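1. coords please:
(2 chains)
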Amino acid sequence: MERLALSDEILMQVEKPARYIGNEVNSVVKDLADVDVRFCMCFPDVYEIGMSHLGIQILYDMLNRMPDVWCERVYSPWPDLDTIMRKQAIPLFALESQDPIKDFDFLGITLQYEMCYTNILQIIDLAQVPLLSVNRSDDDPIIIGGGPCSYNPEPIADFFDLFYIGEGEMVYRELIDAYKENRAKQGSRRDFLEMAAEIEGIYVPQFYDVAYQEDGTLASFTPNNPHAKERIRKQVVTDFSKVTYPEKPVVPYIKATQDRVTLEIMRGCIRGCRFCQAGAIYRPTREKDVEEMKRLAVAMIRNTGHEEITLSSLSSSDYSGLPELTEFLITEMGKLKVNIALPSLRIDSFSLDVMQRVQDIKKSSLTFAAEAGSERLRRVINKGLTEDMIREGAMKAFQGGWNKVKFYFMVGHPTETEDDLKGIAELCEKIAEDYYTIPKDQRIGKVSITASSSFFVPKPFTPFQWASMNTEQEFLEKARIVKGHFLEMKNRKSLTYRYHDADLTIMEGIFARGDRRLAPAILQAYQNGCMFDAWHEMFRQEIWNQAFADHQIDIDFYTHRERSTEELLPWDFIDIGVSKHFLISEWERAQRAEITPNCKQQCSGCGAACFGGGICYER
Amino acid sequence: MKIRIKYAKTGVLRYIGHLDVMRYYQKAIRRAELDVAYSQGYSPHQLITFAAPLGLGVTSEGEYFDAEMNSVSSSEDMVNRLNAQMADGMKVIDIVALREGAKTAMAVVAGSDYLISFREGYVEPSLFLSNVKAFYEQEKIEVMKVTKTRETLMDIKPFIYAMDIRDSQIYMLLSTGSVDNIKPELVMEAMCRYLDIPYERMAFMVHRLETYMRNDSGELVSLLEAGDPIK
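-> Numbers count the residues shown, from 1 in each chain, chains lettered A, B, ... in the order given. From the prediction side, this is the model:
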């Protein structure tokens, strides 16, 4: 298709014009005469990142299988194009048809991380749609948010017409049918939102009123429209044989961050790490059928021509079909000359054997997500990985020829002490010492151990949702303690320690547990030039500081303040199945450094059994 | 066995750069299930090499790459199989089996010809068209060649093998390859200087017609001449 929304001159001026031309292999083009509803799915970041996201591919495929719906895609225009589009008033367009998004029925935006919030405003603004939901007319598209950050949608509630809470495979058909029905009877935008509010999992923010106490905490959160539900129940797939998977994913021309076939083998996680939001919101753990995975692997490689395949899930080692599936992939993908990119696996004889067969040991490294430096703190966060397990795994690997190890840690967990921080360096030192116990003629040169740490952000729906988050100064001081201790280690020349920036972490902390009062500050920061905040070189702290100051937003109130378990939290109206009662008990067990068994060992009664499927019924 | 594939790259695919075109064909070959040979090792890659890179924004109906094959079907069948996998704008034109001892496309490229058209709103096309003859008939056509250390004056006239007018566009046949690689943009820059007007890259649209090698008698012939159709 030669018709493009951007002129040849613009495309020749901008970096990577292929981001904006569509026409990719497996992209779907339909005849407008055949479709009733036009949907545009958006990942609010640059094309190469957005195209790597599995969720959008799943929804794009699912919606396009509906004969009456045409789903297209859009990503954030890079700042070079952004400037041109504003200057020339070019409306943001969908890739497939190159038509303006303002003429679509729906714009769905996936919310994968908090730092994309200004990019959402960029998308809506460039689309020439009013930024605030209440200002939109019957002609504007319905803007839907979904994905992990929709589990606390409150900071961005003003910008969305509705949020879809849960897994996308469930109620889109219902939502689209309601839209068509409303259009047939010439109902208004409000009429549709009222119909949508009745659908399970759909949250319409403008149908709720929020009141605050004098101390700034929530006083009440109540529906102001008879169609709005008290609580919104997350939507969960319980039978994967009844939902679709993209067998022909779109193949980008330019290299995407994840340029390969992704097989989703499982949803949810049995582990229950107390800092992990994904582990809570995707409960219960559901495995996919291994035979179906084999069929999909071959079909998807045929349909895309990708040279690599990978598996996707949380804690992939817990997938019961893993040995069978990897055996199949090694044989069949080997015949097709397709590489296997392994997900991160627990280091044991099985994974070492697999790694040895699919990658060059000399170039690969072992990865341990230890998350905390001491045995005690790992019990606090319920990370079921002991020092013995790590050392045993590393030793096995060293004997198998590896000499590179990577560790991931988080700094800033609740109850953390200086000893816990020093434990990070000490654990790495022990691994190095273990390596040098191997006789010289049996090891390959020096060991290289790289530890990197991020800073901990308490997230909604985790047992740490009440916890105090460290301030930026505290984070940096802690990182200095770790760094300093590394320099005192005997094998320091074999050890490397890196830590992430703390400024973006604080921002993430504000939004993660924020409320509706943040929206005006986000709007102001955007209007004053903030965009692509997740890209550190584009993050502009001073504009954000000004925006928070102008709207009397106390950062510590959202980050540093420890909440009482009695407090009404901004996201309490969402029901993820996991009960508040369970989260409170986990929060208390954390203080006592008590481990809670994983779902395979023993059911702890978290509440996710209410969905009627998954691990809860397999034991 | 080595084969040579000729393809056209037009339409919106002119915005896809050379490296991405290579990746595109690797995936297309897999989808078409052609029996291409791979390198050894942990990350095997297809044994394919491209002839002459094409700049971003340039269209072409004479692009080439070579592939080492384990087995082949007929030229017609392989062309059809690849074309069943093409996106709009990319089209496989022909495939030949290279004769024994043929050098790679990249090594033998000696020339390319182009049509230059005018993007609206930049320059007066008639000014260029009426001066093509005079410009080309100059004894020397000098351009500034900028290297890391210095600027030198270079005469490119010997590397412009032909220059003419075709359907209100400028036709030129230029030396291409690893030694004297002359890009059409360089010629247009020189012509702007000759006409004493500022050079603007956006003023000209470039279309490559064919890529050539030299045969035993030294004539420029299509890269397909190094092989034969597979029945």
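
2. what bridges to residue A:72?
-> Counting by DSSP bridges, residue A:72 is bridged to residue A:40.

3. ok, residues contacting the one helix or strand residue B:26 maps to?
-> Per DSSP states H and E: residue B:26 is located in helix B:18-31. Residues outside helix B:18-31 that contact it (Cβ atoms under 8 Å, 6 or more residues apart in numbering or on different chains) are A:18, A:25, A:251, A:253-255, A:301-307, A:336, B:9, B:16, B:36, B:45-46, B:48, B:50, B:53-54, B:65, B:67, B:82, B:85-87, B:90. (C-beta placed from N, C-alpha, C; glycine too.)

4. count of neighbours near residue 160?
-> The chain I'm using is chain A. 26 (other Cβ atoms under 10 Å in any protein chain shown).

5. looking at chain B here, not the other one
-> Neighbour count of residue B:160, defined by other Cβ under 10 Å: 19.

6. what residues sit buried inside stretch A:376-392?
-> By neighbour count on 16 or more other Cβ atoms under 10 Å in any protein chain shown, the buried set for stretch A:376-392 is A:377, A:378, A:379, A:380, A:381, A:382, A:383, A:384, A:385, A:387, A:390.

7. give the rounded mean pLDDT of that stretch.
-> Averaged across stretch A:376-392, pLDDT comes to 95.

8. looking at chain B, which helix or strand is least sure?
-> strand B:142-146 (a mean of 85; mean pLDDT, DSSP states H and E).

9. partner strands of it and their direction?
-> Strand B:142-146 pairs in its sheet with strand B:151-155 (antiparallel), by DSSP bridges.

10. give me the next element, helix or strand, following the strand it pairs with.
-> Downstream of strand B:151-155 (by DSSP H and E), the next one is strand B:160-166.

11. follow-up on the earlier one: which residues sit against the least confident helix or strand of chain B?
-> The contact list for strand B:142-146, computed with Cβ under 8 Å, 6+ apart, reads B:151, B:152, B:153, B:154, B:155, B:156, B:186, B:189, B:190.

12. from chain B, which residue is nearest to chain A?
-> Ranking the residues of chain B by distance to chain A (Cβ to the nearest Cβ) places residue B:27 first, at 3.1 Å.

13. quick one: the strands in chain B, in order.
-> For chain B, the strands defined by DSSP state E occupy B:2-9, B:48-50, B:59-68, B:90-98, B:109-118, B:142-146, B:151-155, B:160-166, B:169-175, B:204-214, B:220-222, B:227-229.

14. partner strands of the second one and their direction?
-> Sheet pairing here is set by DSSP bridges, and for strand B:48-50 it gives strand B:59-68 (antiparallel).

15. give the PyMOL command for selecting the buried subset of the contacts of strand B:142-146.
-> Here is the PyMOL command that selects the buried residues among the contacts of strand B:142-146 (16+ other Cβ under 10 Å):
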select buried, chain B and resi 154+156+186+189+190
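
16. go through the contacts of strand B:142-146 and name the one nearest residue A:548.
-> Residue A:548 lies nearest to residue B:189 out of the contacts of strand B:142-146, by Cβ to Cβ, at 52.0 Å.

17. ok, now which ones touch residue A:80?
-> A:13, A:14, A:15.

18. near chain A, which residues of chain B show up?
-> Within chain B, the positions near chain A by Cβ under 8 Å from any Cβ of the partner chain are B:11-13, B:15-17, B:20, B:23-24, B:26-31, B:33, B:38, B:41-45, B:56-57, B:85, B:87-89, B:119, B:202, B:205.

19. drop anything exposed from these.
-> So, by 16+ other Cβ under 10 Å, the buried ones in the residues of chain B next to chain A are B:11-13, B:15-17, B:20, B:23-24, B:26-31, B:57, B:85, B:87, B:89, B:119, B:205.

20. got a list of what residue A:107 touches?
-> For residue A:107, the contact set (Cβ under 8 Å, 6+ apart) comprises A:39-40, A:42, A:74, A:101, A:123-124, A:127, A:129, A:141-144.

21. any idea of the mean pLDDT in whichever strand or helix holds it?
-> Residue A:107 is part of strand A:106-110 when elements are defined by DSSP H and E. The pLDDT scores in strand A:106-110 average 98.

22. name every strand pairing with that strand and say which way it goes.
-> Paired strands of strand A:106-110, with direction, are strand A:37-43 (parallel), strand A:142-146 (parallel) (DSSP bridges).

23. could you export these to TSV, including columns for distance to residue B:174?
-> Output for those, formatted as TSV (distance: least, Cβ to Cβ, whole Å):
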stretch	distance to residue B:174
strand A:37-43	43
strand A:142-146	52
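
24. got the residues of chain A near chain B?
-> So chain A meets chain B at A:1-2, A:4, A:8-9, A:11-12, A:17-18, A:21-25, A:251, A:253-255, A:301-307, A:336-337, A:339, A:358-360 (Cβ under 8 Å from any Cβ).

25. re the thing from before, identify each buried residue in the least confident helix or strand of chain B, please.
-> For strand B:142-146, by 16+ other Cβ under 10 Å, it's residue B:143.

26. need the contact list for whichever residue of the stretch 401-550 of chain A sits closest to chain B.
-> At 13.9 Å from chain B, residue A:401 is the closest residue in the stretch 401-550 of chain A, using Cβ to the nearest Cβ. By Cβ under 8 Å, 6+ apart, the residues touching residue A:401 are A:356, A:361, A:362, A:444.

27. go on, residue A:562?
-> Residues in contact with residue A:562 (Cβ under 8 Å, 6+ apart) are A:466, A:467, A:468.

28. quick one, what contacts the second one?
-> Read it as residue A:467. A:414, A:458, A:562, A:563, A:587.

29. tell me where the stretch 451-600 of chain A has strands.
-> A:495-499, A:574-575 (DSSP state E, counting those that start in this stretch).

30. what's the most buried one of these?
-> Per residue and on average, the most neighbours among the strands of the stretch 451-600 of chain A fall to strand A:574-575, with a mean of 21 (mean count of other Cβ atoms under 10 Å in any protein chain shown).

31. which elements pack onto that strand?
-> On a contact count with 3 or more Cβ pairs under 8 Å, 6 or more residues apart in numbering or on different chains; DSSP states H and E, strand A:574-575 meets strand A:232-233.

32. walk me through which strands the strand it packs on pairs with, and which way each runs.
-> Taking DSSP bridges as the criterion, strand A:232-233 forms sheet pairs with strand A:574-575 (parallel).

33. average pLDDT for the strand it pairs with?
-> 98.

34. one more: stretch A:266-274?
-> Mean predicted lDDT for stretch A:266-274 stands at 96.

35. now do the end-to-end distance for that stretch.
-> Start-to-end span of stretch A:266-274 (Cα to Cα, to the nearest Å) is 20 Å.
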